[in-house]
Structure formats: C-alpha cells, structure tokens
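Visitor: Any chance you can model this:
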Amino acid sequence: MVAKSYALPLQRARPGIPVPARRVVGAALLIGNAVITLMLALAALQPGAAIAWGSVALGAYCTALLLIATAAAGHDHLGLASWKIGPWSLAWVAVAFGLVTITWVAPQSGTAAEITIQSVLRALWLMAVAMTVFTAGYCVGPRRLAEHHAQRISAALSSRFSNDIRSPLVPWLLFVFGSAAQLVSTATTGRFGYVGDAAAATTSASEYGQLLAIAALCGPLSIAAAAIRAYRTPTREASFTLAILFIIEIAVGAASGGKQSYIVAVLAVLIPRAGARRRLPATVIVTAILLFLLIIIPFNEAYRSDARGTVTLSVRQAVATAPSTLRQIVSGDRSPSVISNSVIYLAQRIREIDSPAIIMQRTPSEIPYSSPIQLAEAPVIDLTPRALWPGKPILATGYEFSQQYFGLPPDVYTSSAITPEGDLYRHGGWIPLAAGMFLFGCGLRVLDDVLDVRASPHAAFLVILLFPNLVKSEDDWITLLAGLPGLIVLWITVVMFSFARRPREP
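Guide: Numbering: from 1, shown residues only. I've put the predicted structure just below:
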C-alpha cells in the first residue's frame, strides 16, 4: 500500500487564500494606467510617440494581469520565486512584447523594415486581448480533469522515489548521455546548434533526429541533478561536480553559437536552489546577468560572425575559432559602453512584437487564413516518429514563415519566431486566438498547481525542461504542443533514473 504521507508531495497552490488588498489596488492602478497610456498612444500625432506609449501600456497591463493571476492562484512573491510558469509567462510578455517594443521608435532594418508602425500598434492590441483571455483561463478555466491526471502522475513518482539523488555518478551519467546524443546528432546532420550546415535543417531529417534532440537535454538536467545534491548534501565533492558540469555546459553551449544554453544552465542552478532555500538568490542572479552582458553576448556576436561570414565554416572549423574569439572578448573593452551595447542588442533580439505585427499586416489581406483544423491535426502528425513514417514532411515552420511573410529567398536559412499568439491568429483570426490562449492559460495553471519545486525536487526537472519553450514562446502553436509529450516522457525517465527509491512498507 502506498503511504499516505507520499501521496501528494507536489502541493497545489494554497486554495482559499483571500486576495490581498494591495494586489487588487495595484492591479486596478496599473490597469487604469494602461488604459490612459493607450488613449494617449491613439491620440499621439507622431508614430514614434504612439509606439512608445503603446509599449509602456502593454507592459503595465500585463503586470496588472500578473498581479491578478497570482492573487487568484494564491502564489506568494507573484509566483516568480517559486518558478510558476504562468506568472513568468506574463512577466515575459510585459517585457518582450511590451517594454522593448519601444525600440521601434528608431529606424528599422532587415525584415523589420517590411512592417508598418500601424501594424505594430495593432499587434499591441492583439497581445493585450490574448493575455487577457490567457489570464482568464489561468484564473477560472475548467482544469479539474486534467489536473487530476497530472497529480496522479506526480504522486506516483513521489510515492516511489525519494528526494535524494541515488548516486554521485548520476549527474555525470546524465551529462555523458546528453553529450553522446549531441555528438551523434552533429555527426549525422553536420549541424551543431547555430554552426555548421544550416541547409540540412530544411532539406533532410534523420529517423531518430527528434529522439536525439530530446536526449541531448540531459545535459542541463545533469546540472540540475548536481545542484540538488549540492544543496541537499553540501559536501566539497558535490559542489565541485556542480561547478565542473556548469562550466562545461556553458562552454559547449557557447561553441554551438547559442545564448539560450547559458540561460538554461543558469536556470538549472537557480530553480533547485529556489526549491531548497525558498528565495531567489539576488547575488547569483546579478552576477549571471553581468556575465551575460559582458561576455556571453559579445562572444556570441563575434563567434556567429566568424561561423557564418563570407564563408560558412564547418562545425570543426567554427569550434576551432572559439578559444581565440573568447580571448579577444575577455581581454577587450570593459567600459560601461559594452553593457549598454549588449542591452540594446538584447532588447532588439528578444523583441517579439514583429511576428504578430507582420501576420496582422498580411493576413488575410495578402495571405489567406490557414485552416483552424491544422491546429489540432498538425501536432498529432508531428508526434508520429519518422522511423514509422520515413516520408513525413520536414517541419521547418520558421524557415517557411520567413519566405512567406518576409519574402526572404530560399537560400537564406533563417528561422523567424512566430509565437503562439501570431500562429493562432493566422489560423482563423480572433476566435482561434481567444480559444487557444484560454486553453493555454488553463494548461499552465494545471502545471503550476501540480509542480511545486519547493515541495519536491522532481518538479524542478520538468520546470527546467518546459520553461524555455512555454515562457519564451517563440515557436508556433503546433510546434509548441508537439514538443510537450517528449519532454514529459524525458522528465519521467530522468526522475526514475536519478532519484533513489523509497523503501517499501512491510
């Protein structure tokens, strides 16, 4: 018989907590501020002023929705310190779709030059509607049935496995497994993250490519396992393992030409720590941000320029240039201008309003709506293993989107962010957008109610896996949904491998 004390270690957010008056007042003030600034935006005579006011308005409005959602769900510290995905999603939208849209006051180049300011203003309204419906789903959506099944899975794992990593070898074995998957993927595709043969991602696909991509995620999970050991059994050996795996993962991610790998590695340290100590470590976060601005972003820009300059380097050639590029960055300029340049670059890179703006500009006037049925059919098709369906079409939605909406030629191998909101709108307009975002809010509330990183370190693994996709949300709706089952299966597998079994009751 399963012991009752293990039945529900992943607690739901505390029900029945009265809504704090300060949150209600704060939400009302922010909503009022958003309405006023939106009115000013519409009344502004110059487009630049309208963009500035509109971006601030959306940021303030999403902050108000964050206050309302966390109060309704009973999250403390706005749900951010406990790494609740719903609140973090609202915070991300406030910044990436709201505040940084102010960069549109400057002249635009590249694909952004195809977008009109009027389309950007319409997209701000679209995001306000989308996040309102999302918050409604998060607060009051019918989620009980899904929540019941999710709790059964988490309770079953926690009743069988303790909160202790079973062996000091577990983090290393996870790292070796993830690295092996990455090496096999690189050998079979000629691509290593950003570097290598970019055309291969759109012209060919291996039968086991999806499995290898999922298995490679064991790399950041190895850091999480090491962090759990270091926080629960603070020995010198555990701390050393954590430090070494963290440094290696950052180095590998930098060599692949990505910035997100650094962020995920930091999350793999922060989320278990938040679970163990119930707070966000301000010193660690500030240090990580400074390192990101001073080293990671300048290195990434220079490295990508070398890897895909006048000549596209192979993976081996690109990786060989990484040490010298890093030395140049480390020994280079350290003035405040480096940080300011990195902040400007980062603001432009994380700006997400462009995608819904170009979609609203060209759909349905130039490009007809796609069938809403695809939103349900395509994820099922994408889940079918290529080993069972060798002729399955290659999913390169971002690459195709760049050609369709921005008119890029086929030999330009770039993948544009589509975002779930933009993808829902282009599949039928406002009705699919409202329905999809309401369901999205319901789904994230289920996850947030079931996954509590403070109650069980098992939950930390799944939050780390889901956080980049669900919070950053650059993928289209179809890709987002199709990727979830594989991540959940990986989470269950890694939990069963990593944690010690509980002793059976006599």
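Visitor: On the pLDDT front, check L45 for me.
Guide: According to the model's per-residue confidence, L45 sits at a pLDDT of 55.
Visitor: how about the helices in the stretch 301-450 of the chain?
Guide: Residue ranges of the helices in the stretch 301-450 of the chain, as given by DSSP state H, counting those that start in this stretch, are 315-330, 336-350, 354-362, 374-383, 397-406, 420-426, 430-450.
Visitor: buried set for the first one?
Guide: Spelled out, it's helix 315-330. For helix 315-330, the neighbour count (16 or more other CB atoms under 10 Å) marks V315, A318, V319, T321, A322, T325, L326, I329 as buried. For glycine as for every other residue, the C-beta is placed from the backbone atoms N, C-alpha and C.
Visitor: The fourth one against L313, yeah?
Guide: So that's T321. Yes - T321 sits in contact with L313 when judged by CB atoms under 8 Å, with a separation of 7.3 Å.
Visitor: hmm, back to that, relative to L65, which of the helices of the stretch 301-450 of the chain is closest?
Guide: Ranking these by proximity to L65 (CB to CB) places helix 430-450 first, at 10.2 Å.
Visitor: list residues touching both of T321 and L313?
Guide: By the contact definition CB atoms under 8 Å, 6 or more residues apart in numbering, T321 and L313 are jointly contacted by D306, A307.
Visitor: so A136 touches G441, yeah?
Guide: Yes - contact between A136 and G441 holds when scored by CB under 8 Å: they sit 6.7 Å apart.
Visitor: These two: which is more packed in?
Guide: Taking A136 and G441 together and counting by other CB atoms under 10 Å, G441 has the greater number of neighbours (27 against 18).
Visitor: Quick one: residues contacting the more buried one.
Guide: The contact partners of G441, by CB under 8 Å, 6+ apart, come to G86, V133, F134, T135, A136, G137, Y138, C139, G141.
Visitor: which secondary element of the protein has the worst mean pLDDT?
Guide: Scoring the helices and strands of the chain by mean pLDDT, DSSP states H and E places helix 200-203 at the bottom, with a mean of 58.
Visitor: if we can go back for a sec, in JSON lines: the buried residues of helix 315-330, plus pLDDT and distance to R454.
Guide: JSON lines is the format used below for those (pLDDT from 0 to 100; distance: CB to CB, whole Å):
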{"residue": "V315", "pLDDT": "85", "distance to R454": "41"}
{"residue": "A318", "pLDDT": "87", "distance to R454": "41"}
{"residue": "V319", "pLDDT": "89", "distance to R454": "39"}
{"residue": "T321", "pLDDT": "90", "distance to R454": "43"}
{"residue": "A322", "pLDDT": "89", "distance to R454": "38"}
{"residue": "T325", "pLDDT": "89", "distance to R454": "40"}
{"residue": "L326", "pLDDT": "89", "distance to R454": "37"}
{"residue": "I329", "pLDDT": "87", "distance to R454": "38"}
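Visitor: and which of those is nearest to A227?
Guide: When these are ranked by distance to A227 (CB to CB), L326 comes first, at 24.9 Å.
Visitor: any idea how far that closest one is from I295?
Guide: 8 Å (CB to CB, to the nearest Å).
Visitor: A216 now?
Guide: Using CB to CB, one obtains 24 Å as the distance from A216 to I295.
Visitor: before we move on, what about S159?
Guide: Between S159 and I295 the distance is 44 Å, computed by CB to CB.
Visitor: ok, now R232?
Guide: Counting by CB to CB, the gap between R232 and I295 amounts to 30 Å.
Visitor: next one: G137
Guide: When distances are taken as CB to CB, G137 and I295 turn out to be 40 Å apart.
Visitor: May I ask you to confirm that A417 is in contact with E474?
Guide: Yes - counting by CB under 8 Å, E474 is a contact partner of A417 at 3.8 Å.
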